[in-house]
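Chemist: Structure of the sequence below:
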Amino acid sequence: MTRTVAIVCAAGVASTFLARALREQLAQHELDWSVEPLAVDQLPSRAAELSIVLVGHHLAAHFVAVRDGLAETGVPAHLLDSDDHASAARQALALLLAHDSRSTVSSPLDS
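Modeler: Numbers count the residues shown, from 1 in each chain. Okay, the predicted model is just below:
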């Protein structure tokens, strides 16, 4: 079953680059996740379709509002702690692995 992760940024540009990096990581680990880059203002209309939301580092000041806005939906939100796409993609993969109870793949952060 494919789950959907949203990569959220201010306007959708940074999330597009991060989404590409995360898709490469997911393909390497053969994980079944769909990755959607979204601007923060698109999130309310798409929340019902999402399994998890990852918020770009540059939106740290808005993270609590994003998380609280998702509370009714039950969709978890996590703040990525790096603005470097490669590092953020590794963190995103580790978060998805933690949410994937069926996965037997070890975290790339363990190596």
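
Chemist: Can I get stretch 18-28 in PDB? Just the C-alpha atoms.
Modeler: Taking only C-alpha atoms (Å, rounded to 0.1, in the frame of the first residue of the first chain), the coordinates of stretch 18-28 have been written out as PDB:
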ATOM      1  CA  LEU A  18      14.000  17.800  -1.500                       C
ATOM      2  CA  ALA A  19      11.300  15.600  -2.900                       C
ATOM      3  CA  ARG A  20      13.500  14.500  -5.700                       C
ATOM      4  CA  ALA A  21      16.300  13.600  -3.300                       C
ATOM      5  CA  LEU A  22      13.900  11.700  -1.000                       C
ATOM      6  CA  ARG A  23      12.500   9.800  -4.000                       C
ATOM      7  CA  GLU A  24      16.000   8.600  -4.900                       C
ATOM      8  CA  GLN A  25      16.500   7.400  -1.300                       C
ATOM      9  CA  LEU A  26      13.200   5.600  -1.300                       C
ATOM     10  CA  ALA A  27      14.000   3.900  -4.600                       C
ATOM     11  CA  GLN A  28      17.300   2.700  -3.300                       C
END
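
Chemist: who's in contact with it?
Modeler: Applying Cβ atoms under 8 Å, 6 or more residues apart in numbering, the external contacts of stretch 18-28 come out as 5, 7, 9, 33, 35-37, 56, 80, 85-86, 88-90, 92-93, 96, 108. The C-beta positions use only the backbone N, C-alpha and C, and glycine is treated the same way.

Chemist: Sketch out the low-pLDDT regions of this structure for me.
Modeler: Under the criterion of pLDDT under 70, the regions of the chain flagged as low confidence span 1, 12, 101-111.

Chemist: can you pull out the helices in it?
Modeler: Using DSSP state H, the helices found in the chain span residues 13-28, 43-46, 63-70, 85-99.
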